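Enquirer: Model the following, please.
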Amino acid sequence: MAKFSGLGGRLYRGETSINIIEARKKWYLLSAFFILISMASLGVKGLALGIEFKGGSSFSVTTANRSIETARTAVQQAGYVGDPIVQTVGSDKLKVQTGVLDAAQSNAIQDSLARTFGVSVESIDVQNIGPSWGAEISKKALQGLLAFLVIIMIYLALTFEPKMAVAAIVAVIHDVFITVGIYALVGFEVTPSTVIGFLTILGYSLYDTVVVFDKVRENTRSITSSGKYTYSQAANLAVNQTIVRSLNTSLIALLPVAAILFVGAGLLGAGTLKDLSLALFVGLITGTYSSIFIAAPILAALREREPAIRALNQRVQAKSGGAAPTPSRRDKKKFKKR
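Expert: Reported below is the predicted structural model:
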């Protein structure tokens, strides 16, 4: 840990450097690889939508016998054709989910569960959700996502600059797409908790990106007038100065989420937690990655298309004999004091 802290100090002081911006094609290819996997997962397997989105029936049974196989057998004995989803909830409850049922089918399953577990029919909590309600939930979730992206893009464009807003939104879409693809690959059920997780990682991804962009803006504020370094070099220094902070923040955030996912959902069987925790776990990792290796390189690529930045790069390369110089320690200290 001390070595990692020492590396962070050297990166911030400019004593060493990781060339992230100039190697952006490597990061683009890596992201493209994960995006292709996500597309293949969505195309082949698709998302396992919960009954809140596709409609269905839910039966909650309070019993000391929490045998999943027993509950599944009871549902099938009632004449249900299909594979019901059975989860344990807490220490004394089973939750059974099926597809859309009519009144007769719902009553038959309720009676079968009551006989099998030795409880009264009235004690079984039954919820029937129609597919139209699920479609409305999906519509509202999509509308909320689009509104979020528009508001954030306007805010970033006004607070920073339009190109930073574009780069940040691309990074956010990148994070959500990969997270959704991994969800399809793993086969976890998509529930309202999953949607909450997706919206949460949007905020975290933007927070991390804004921290990086704020340092980039600080380092490039008067770069065209100085004519010493290219925009990419100043942006790369900013990423190096914030990379350890981003990694530390992400690690601290990942520890409790990992505990919920692997201990709570995996070992203890708290199935209701895995929907939220998986989205957060994957989203935190992709959000940290995109803020450093996607958002900043995209911003540099967009800015280097500007005539003023092109002229700056040409002046810097002409002074250095065709190769842009690396900022000296003295100039890096100037960046820090701004």
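Enquirer: what are the ranges of the strands in the stretch 1-150 of the chain?
Expert: Counting by DSSP state E, counting those that start in this stretch, the stretch 1-150 of the chain has these strands, from start to end: 48-49, 56-62, 85-89, 93-98, 125-129.
Enquirer: Number of residues surrounding residue 34?
Expert: Other residues near residue 34 come to 16 when the count uses other Cβ atoms under 10 Å. In this view, the C-beta of every residue, glycine as well, is placed from N, C-alpha and C.
Enquirer: now residue 181
Expert: Residue 181 has 23 nearby residues by other Cβ under 10 Å.
Enquirer: what residues are up against it?
Expert: 34-35, 37-39, 41-42 (Cβ atoms under 8 Å, 6 or more residues apart in numbering).
Enquirer: Just put the strands of the stretch 1-150 of the chain in TSV and tack on mean neighbour count.
Expert: Below are the strands of the stretch 1-150 of the chain laid out as TSV (neighbours: other Cβ atoms under 10 Å):
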stretch	mean neighbour count
strand 48-49	16
strand 56-62	20
strand 85-89	19
strand 93-98	20
strand 125-129	15
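Enquirer: For these, could you give me JSON lines that also reports mean pLDDT and distance to residue 211?
Expert: Below are the strands of the stretch 1-150 of the chain laid out as JSON lines (pLDDT from 0 to 100; distance: least, Cβ to Cβ, whole Å):
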{"stretch": "strand 48-49", "mean pLDDT": "81", "distance to residue 211": "35"}
{"stretch": "strand 56-62", "mean pLDDT": "88", "distance to residue 211": "42"}
{"stretch": "strand 85-89", "mean pLDDT": "78", "distance to residue 211": "38"}
{"stretch": "strand 93-98", "mean pLDDT": "86", "distance to residue 211": "40"}
{"stretch": "strand 125-129", "mean pLDDT": "84", "distance to residue 211": "41"}
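Enquirer: Ok, which of those strands comes nearest residue 239?
Expert: Shortest distance between residue 239 and the strands of the stretch 1-150 of the chain, using Cβ to Cβ, is found for strand 48-49: 37.0 Å.
Enquirer: on contacts alone, who are the packing partners of that closest one?
Expert: Under the contact criterion of 3 or more Cβ pairs under 8 Å, 6 or more residues apart in numbering; DSSP states H and E, strand 48-49 touches strand 189-190.
Enquirer: For whichever strand or helix holds residue 298, name the packing helices and strands.
Expert: Using DSSP states H and E, the element containing residue 298 is helix 296-303. On a contact count with 3+ Cβ pairs under 8 Å, 6+ apart, helix 296-303 meets helix 24-44, helix 162-186, helix 192-219, helix 231-258.
Enquirer: so which of the strands of the stretch 1-150 of the chain comes closest to residue 187?
Expert: Going by Cβ to Cβ, the one of the strands of the stretch 1-150 of the chain nearest residue 187 is strand 48-49, 5.6 Å.
Enquirer: how far away is residue 98 from residue 171?
Expert: Distance from residue 98 to residue 171, counting by Cβ to Cβ, to the nearest Å: 40 Å.
Enquirer: Identify the residues contacting the most centrally placed residue in the chain.
Expert: What sits nearest the mean C-alpha location of the chain, by Cα atoms, centre = their mean, is residue 283, with 2.3 Å. Residue 283 makes contact with 175-176, 179, 197-198, 200-201, 204-205, according to Cβ under 8 Å, 6+ apart.
Enquirer: change it to 6 Å
Expert: Residue 283 makes contacts with 179, 201, as judged by Cβ atoms under 6 Å, 6 or more residues apart in numbering.
Enquirer: That one - that's part of a helix, no?
Expert: Yes - the assignment for residue 283 by DSSP: H, G, I helix; E, B strand; the rest coil puts it in a helix.
Enquirer: Could I get the pLDDT score of it?
Expert: Residue 283 is assigned 88 on the pLDDT scale.
Enquirer: Residue 124 against residue 62, yeah?
Expert: No - the pair residue 124 / residue 62 is not scored as a contact, 8.3 Å apart, by Cβ atoms under 6 Å.
Enquirer: Run the angle between the helix holding residue 298 and helix 24-44 for me.
Expert: 110 degrees (axes from the mean of the first three to the mean of the last three Cα atoms, to 10 degrees).
Enquirer: Now do helix 296-303: distance to the chain's middle.
Expert: Its chain's C-alpha centre lies 21 Å from the corresponding centre of helix 296-303 when counted by Cα atoms, centre = their mean, to the nearest Å.
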